[in-house]
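In: from the sequence below, what's the structure:
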Amino acid sequence: MPEPLKWYDDKADNSPWIDALAELRQRAAREGHCYQHVQAITVAIDQYAEKALGNRNYFLNKPYGVG
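Out: Below you'll find the model as predicted:
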């Protein structure tokens, strides 16, 4: 059986690098920069998550826990 997908948890003991990526991805959409630049940053972060952590949606769509 494959290992369950990892998801970003802001309460977990993450490395500073992962926390910085999560914060940057969240802030990127709120900044007034060129849309294409923001999209390029977002895609790069998602590609890193897919390569390093095995889940392209690591920073998005966290499944709800039971209870």
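In: and stretch 54-64, average pLDDT?
Out: Within the predicted structure, the mean pLDDT of stretch 54-64 is 79.
In: contacts for that stretch next, please.
Out: The set of residues external to stretch 54-64 that reach it, using Cβ atoms under 8 Å, 6 or more residues apart in numbering, is 3, 5-9, 21-22, 25, 45-47, 49-50. For every residue, glycine as well, the C-beta is placed using N, CA and C.
In: buried sites along that stretch?
Out: By neighbour count on 16 or more other Cβ atoms under 10 Å, the buried set for stretch 54-64 is 55-56, 58-59.
In: P4: which element?
Out: Following DSSP states H and E, there is no helix or strand that holds P4.
In: give me the pLDDT value at it.
Out: The predicted local confidence for P4 comes out at a pLDDT of 75.
In: same check, this time on Y48
Out: As summarised for this prediction, Y48 has a pLDDT of 90.
In: pull the number of nearby residues for it.
Out: By other Cβ atoms under 10 Å, the residues close to Y48 number 16.
In: relative to Y64, how far out is it?
Out: When distance is defined by Cβ to Cβ, to the nearest Å, Y48 is 25 Å away from Y64.
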